[in-house]
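1. coordinates only, no sequence provided:
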């Protein structure tokens with residue numbers, strides 16, 4: 001992103017998240033690259049330029065996310081090998 005962004009990235013959980021601030025193209029390595037990837041990045045301006053977040057695994061693009069919204073945010077939680085959101089089972093009880 002050509003403007004300034006702030007965000008966090010890493011594996012899920014507060015202890016595994018790293019806060020960052022930057023501009024331009026950045027590469028942030030994930031500690032456990034075969035686990036889930038959680039990240040959130042927010043544009044710090046009102047311009048319509050596109051913020052792009054990409055997830056790579058061993059040099060292969062797994063998933064790409066984009067926003068052009070002013071002050072736009074991209075928040076993800078994906079499997080680092082498939083690019084898909086994790087399956088979260090839903091249970092119900094009957095009375």
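-> Received it, and whenever you're ready, just let me know what you need. Model, not experiment: these values are computed from the prediction.
2. for stretch 6-16, buried residues please.
-> Neighbour-count burial for stretch 6-16, counted by 16 or more other C-beta atoms under 10 Å, picks out 7-11, 16. C-betas here are computed from N, CA, C, even on glycine.
3. quick check: end-to-end length of that stretch?
-> End-to-end distance for stretch 6-16: 17 Å, by C-alpha to C-alpha, to the nearest Å.
4. what mean pLDDT does it have?
-> Averaged over stretch 6-16, pLDDT sits at 95.
5. chain center to that stretch: distance?
-> Relative to the chain's own centre, stretch 6-16 is displaced by 9 Å; criterion: C-alpha atoms, centre = their mean, to the nearest Å.
6. contacting residues around that stretch?
-> The contact list for stretch 6-16 (C-beta atoms under 8 Å, 6 or more residues apart in numbering) reads 17-21, 28, 30-32, 35-42, 44, 77.
7. now the buried members of the residues you listed.
-> 17, 30, 36-39, 41-42.
8. out of these, who's nearest residue 87?
-> For those, the closest approach to residue 87 (C-beta to C-beta) belongs to residue 36, at 11.2 Å.
9. so that closest one touches residue 85, yeah?
-> No: at 9.2 Å, residue 36 does not count as touching residue 85 under the criterion of C-beta atoms under 8 Å.
10. picking up where we left off before, which of the buried residues of stretch 6-16 fall in helices?
-> Per DSSP state H, helices hold no members of the buried residues of stretch 6-16.
11. buried residues in stretch 78-95?
-> Per 16+ other C-beta under 10 Å, stretch 78-95 contains these buried residues: 78-80, 83.
12. one step back: just give me the closest of the buried residues of stretch 6-16 to residue 48.
-> Proximity of those to residue 48 (C-beta to C-beta) peaks at residue 7, which lies at 19.0 Å.
13. which parts of this structure are strands?
-> Assigned by DSSP state E, the chain shows strands spanning 4-10, 17-23, 36-43, 51-57, 60-67, 73-79.
14. turn those strands into TSV, including distance to residue 90.
-> Listed next are the strands of the chain as TSV, based on distance: least, C-beta to C-beta, whole Å:
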stretch	distance to residue 90
strand 4-10	26
strand 17-23	26
strand 36-43	18
strand 51-57	25
strand 60-67	24
strand 73-79	16
